[in-house]
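*Asks:* From the sequence below, what's the structure:
(2 chains)
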2 protein chains.
Amino acid sequence: MDYTLMQKEVQTALQDQQHPEQLFQLVQNLRPYDIAEVIKGLSKEERLELVSNLPIAIAAESLEYLEPEIQYQIIRHSKQSIASPLLNRMSSDAVVDFLLALHPLQTQRLLKLLPEDYRETINQMMSYPEETAGSLMTVDYISARAHWNGERTLQHIRKVGHEAEIISYIYVTNIRGELVGICSLKEVILASPATLLGDIVARDIISVPAEMGQEEVAAILSRYDLYALPVVDNQKRLIGIITIDDVVDVIQEEATEDFQKMGGSSPLTEPYFKTSIWDLFRKRVIWLLVLFVGGAYTANVLEQFSETLSKIVELSFFIPLLTGTGGNTASQIVTTLVRALGVGEVKFKDIFRVMRKELLTGCLLGLALGLIMYLRAMLMGVDTNIGWVVSLSILIIVLWSSFVSAILPLLLFRLKVDPAVVSNPLITTLVDGTGLIIYFTTAQMLLHI
Amino acid sequence: MDYTLMQKEVQTALQDQQHPEQLFQLVQNLRPYDIAEVIKGLSKEERLELVSNLPIAIAAESLEYLEPEIQYQIIRHSKQSIASPLLNRMSSDAVVDFLLALHPLQTQRLLKLLPEDYRETINQMMSYPEETAGSLMTVDYISARAHWNGERTLQHIRKVGHEAEIISYIYVTNIRGELVGICSLKEVILASPATLLGDIVARDIISVPAEMGQEEVAAILSRYDLYALPVVDNQKRLIGIITIDDVVDVIQEEATEDFQKMGGSSPLTEPYFKTSIWDLFRKRVIWLLVLFVGGAYTANVLEQFSETLSKIVELSFFIPLLTGTGGNTASQIVTTLVRALGVGEVKFKDIFRVMRKELLTGCLLGLALGLIMYLRAMLMGVDTNIGWVVSLSILIIVLWSSFVSAILPLLLFRLKVDPAVVSNPLITTLVDGTGLIIYFTTAQMLLHI
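*Replies:* The predicted model follows:
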């Protein structure tokens, strides 16, 4: 979709005030996501004008796709007769995310736009820590009673359904608000209108506590192929539901974070272009310094062997290639294992299987690379003995790197440290120095120096 | 859930044949996913016995969570009166995945269990290439006609709904089978029973062609927060739908693949423990060799500067630290950008913004690291001039690494090459050699050698 073109058309329609219908025709075929994209390119006045001309339900849904600054600008400067229903019709999880991104004073001002009981609910939802089930959930779900029949349930859905985020599941609660079962709308429709919910309800329900971490929530939802998951408090009372579309966002976010960690940087909290240069610097310099300090011992190792080096200067030619190859082997293993741990494919109890697998693969890789390394050294015309040294060194280095990178992520996982801490740069730095020690020790032994 | 315990209980119940009810009670509270986990731990005979005692619908759904070998074992050795309905009740996309994993002869044998017209549909679905919309879709959806009213639509859902994978959307087609609109079940229920579908249908439908890649499908579904997406052929006829739960799997898979690529390995096609050592070797050795050949020039660079090196052997002490830091900076940038390109946050047209951002950040990082590097060199007691050389070198290396890693992923993206090809090991190898050139040129210039 060409948003720029659409923005121009909307702007023309707004200037040409005689045809408000023209404006409506323009956007009526757009989805809320696309309307949000159009709004982004408009001026403040145009935004307010456009929003005030849209049906509230559509305006509210479009607003959910905008950034907090624009959301605030629109709601703050609209007439109260528009601002209040706008905020009310946004889904509750979107309102919470929005309000949490504002200054507390702004939040307080906007909360006044909501009816009192809803305001309390939102306040409660805002109190759950970030990245937990509580912070992901919405209160816009359908609940019903076990003694209702299908007919009455459908009537209830007709009454409150337009506010629900998902109507595929009906949550059956008792008088104390405890979740006693879940019915899918499919079951209600497939059953006869007189069937009681209590008779078709599934009682083996999966629910999660509000404190559960969002990664675990995502894992449960995707494992059981659910579209929504109920959230309960510690008295088993239903307090909200988490829908799969929010979980998709979580899965993407978590993968992005793990990516950035594996690249050796603290994860960015904002999208790339929203992150300032200063923030980028801070997120990266910490790890670069840690790695620098960690890697600084390579200089000592080389100083230690400076006599060997000055005797046979050719040995230094192969330093980057040897340490590089060790680092590359380690990167391959570490990324595979960190991801496998992240999605639950590998557990700590598998440590010996993993070690065996990686050491055997390392043997094959080490032999192949050792052969190539020998040929490479011969091609440079160095002494045959040096050829043997580099060749044997690379085999040992690959095996050593395989060993370290096989156990380190699993050990961290066991210690409840995020295994992504062993980023590619970190493991590379770790095996650099040890690789040098292996290399020069091998050289001293084989060349008798 | 303790699957081992549950397996033991099921085994006991199976041996104690006098109480088949006991067996049913055991599993009736389990979800299909959990039943599948229990089945995995049973012997062949126990599996067949258990499946034959389950309601067909539950058995079929449980089967979907099992690996093809076990699925085949159960269906092949069950009586035809069980095997046939079992295969029929599995969702069509699961059947396709299953059949595609078998030997063609086995596939042919099983296809005979299906009624003829369904067999043709499945054959057609099997013909779509892997990782496309066609290979993800299911034909178990609800379609209706525009002139039906809400009442009739609900009746229709009651009739065919138990076979549908999702009933949240009703796909309105015309007599030629072309998709003319989509109604959500919510709208049908909220409207009065007499309302015609044609009056509430959304005609601005988003549909995808069967050939579209699965990554793009996932992006569309998650951008618009949809639960399902219709797939059409080139005559706009509806041929299937893709549900969000399958897309969640795609997103996870694609992230895993990108992870492995960024670690410098060809992506594994199987889960880690299912991949043989030989396969691991093959996937990894290709890249290790490419990197080896790419990195081999570092030896030539050092040979070129061997005179400088033998004059001032202290210069070699800092080689791993300098190349390492250059590589680390590059890794940070490359992983951030590859991911940002992958999720569509950064596009090729942003290349100058990215370059500017990374060079400015690189300046800050280079200055900070240059200072630390100087201190480190002084701490080792080397000559002040060498301190200046390493300090200035690290600044230039960081800037150069930032430049290369800012443009390379974007250029590849532009050339329609997967930017994840610039893995951490690759970019590290690339900047290693150039880092050495920078280092020794700086040394020659500052030290006049």
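
*Asks:* What residues of stretch A:433-443 count as buried?
*Replies:* Going by neighbour count (16 or more other CB atoms under 10 Å in any protein chain shown), the buried part of stretch A:433-443 is A:433-440, A:442-443. To be clear about C-beta, it is placed using only N, CA and C from the backbone, and glycine gets the same treatment.

*Asks:* What about chain B: which of those residues touch it?
*Replies:* The subset of the buried residues of stretch A:433-443 within reach of chain B, counting by CB under 8 Å from any CB of the partner chain, consists of A:433, A:436.

*Asks:* of the buried residues of stretch A:433-443, closest to B:N174?
*Replies:* Proximity of the buried residues of stretch A:433-443 to B:N174 (CB to CB) peaks at A:G435, which lies at 68.1 Å.

*Asks:* Tell me where the model's unsure across the stretch 1-150 of chain A.
*Replies:* Within the stretch 1-150 of chain A, the segments meeting pLDDT under 70 span A:1, A:17-20.

*Asks:* ok so, going back, in helices, which of the buried residues of stretch A:433-443 fall?
*Replies:* Counting by DSSP state H, the buried residues of stretch A:433-443 place A:433-440, A:442-443 in helices.

*Asks:* Please tabulate those residues in CSV, including the columns pLDDT.
*Replies:* Converted to CSV, these look like this (pLDDT from 0 to 100):
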residue, pLDDT
A:G433, 86
A:T434, 90
A:G435, 92
A:L436, 92
A:I437, 93
A:I438, 94
A:Y439, 94
A:F440, 92
A:T442, 94
A:A443, 92
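
*Asks:* buried ones in the helix or strand containing A:V250?
*Replies:* In the assignment (DSSP states H and E), A:V250 maps to helix A:244-262. Burial within helix A:244-262, assessed by neighbour count using 16+ other CB under 10 Å, is assigned to A:244-248, A:250-262.

*Asks:* Who are the packing partners of the helix or strand that comes right after that helix?
*Replies:* Counting by DSSP H and E, the element after helix A:244-262 in chain order, helix or strand, is helix A:277-295. Packing partners of helix A:277-295 (3 or more CB pairs under 8 Å, 6 or more residues apart in numbering or on different chains; DSSP states H and E): helix A:424-447, helix B:319-342, helix B:351-379.

*Asks:* Determine the set of other helices and strands touching the first one.
*Replies:* I take that to be helix A:424-447. Judged by 3+ CB pairs under 8 Å, 6+ apart, helix A:424-447 is in contact with helix A:277-295, helix A:297-304, helix A:306-311, helix A:314-317, helix A:319-342, helix A:384-414, helix B:319-342, helix B:424-447.

*Asks:* In a markdown table, list those along with distance to A:V217.
*Replies:* Converted to a markdown table, the helices and strands packed on helix A:424-447 look like this (distance: least, CB to CB, whole Å):
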| stretch | distance to A:V217 |
| --- | --- |
| helix A:277-295 | 26 |
| helix A:297-304 | 42 |
| helix A:306-311 | 55 |
| helix A:314-317 | 53 |
| helix A:319-342 | 15 |
| helix A:384-414 | 19 |
| helix B:319-342 | 22 |
| helix B:424-447 | 30 |
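
*Asks:* So for A:D204, which of those helices sits nearest?
*Replies:* A:D204 lies closest to helix A:319-342 among these, at 28.2 Å (CB to CB).

*Asks:* and the closest one, how far out from the chain's middle?
*Replies:* Relative to its chain's centre, helix A:319-342 lies at 23 Å (CA atoms, centre = their mean, to the nearest Å).

*Asks:* Which parts of the stretch 101-250 of chain A are strands?
*Replies:* A:142-144, A:169-173, A:179-184, A:208-209, A:228-232, A:238-243 (DSSP state E, counting those that start in this stretch).

*Asks:* tell me the contacts of the nearest residue to A:E303 once chain neighbours are set aside?
*Replies:* Of all residues not flanking A:E303 in the chain, B:F317 sits nearest, at 5.4 Å (CB to CB, 6 or more residues apart in numbering or on different chains). Applying CB atoms under 8 Å, 6 or more residues apart in numbering or on different chains, we find B:F317 in contact with A:299, A:302-303, A:306, B:380, B:382.

*Asks:* what does A:M212 give?
*Replies:* Contacts for A:M212 were tallied using CB under 8 Å, 6+ apart; they are A:132-133.

*Asks:* Phi first, then psi, for it.
*Replies:* phi -60, psi 140 (degrees, to the nearest 10).

*Asks:* ok, A:V431 touching A:S402?
*Replies:* No. In this structure A:V431 lies outside contact range of A:S402 using CB atoms under 8 Å: 9.8 Å.

*Asks:* Name the residues contacting each of the two.
*Replies:* A:A330.

*Asks:* I'd like to know how far A:E49 sits from B:D245.
*Replies:* Here the criterion is CB to CB, to the nearest Å. By it, A:E49 lies 41 Å from B:D245.

*Asks:* likewise A:S207?
*Replies:* 19 Å.

*Asks:* Check A:Q15 too.
*Replies:* When distance is defined by CB to CB, A:Q15 is 46 Å away from B:D245.

*Asks:* Ok, A:L395 next?
*Replies:* 46 Å.

*Asks:* ok, now A:I277?
*Replies:* 40 Å.

*Asks:* now swap in A:V208 and tell me
*Replies:* In terms of CB to CB, A:V208 sits 18 Å off from B:D245.

*Asks:* so who does A:I74 touch?
*Replies:* A:39, A:47-48, A:51, A:63, A:66, A:86.

*Asks:* okay, now the residue of the stretch 151-300 of chain A found nearest chain B: neighbour count?
*Replies:* In the stretch 151-300 of chain A, the residue found nearest to chain B is A:G263; the distance is 2.7 Å by CB to the nearest CB. Other residues lying near A:G263 total 29 when counted by other CB atoms under 10 Å in any protein chain shown.

*Asks:* surely it meets A:A420?
*Replies:* No. Counting by CB under 8 Å, A:G263 does not reach A:A420; the two are 9.9 Å apart.

*Asks:* Apart from its neighbours in sequence, what residue is nearest A:P68?
*Replies:* Closest residue in space to A:P68, ignoring its immediate chain neighbours: A:A101 at 3.7 Å, by CB to CB, 6+ apart.
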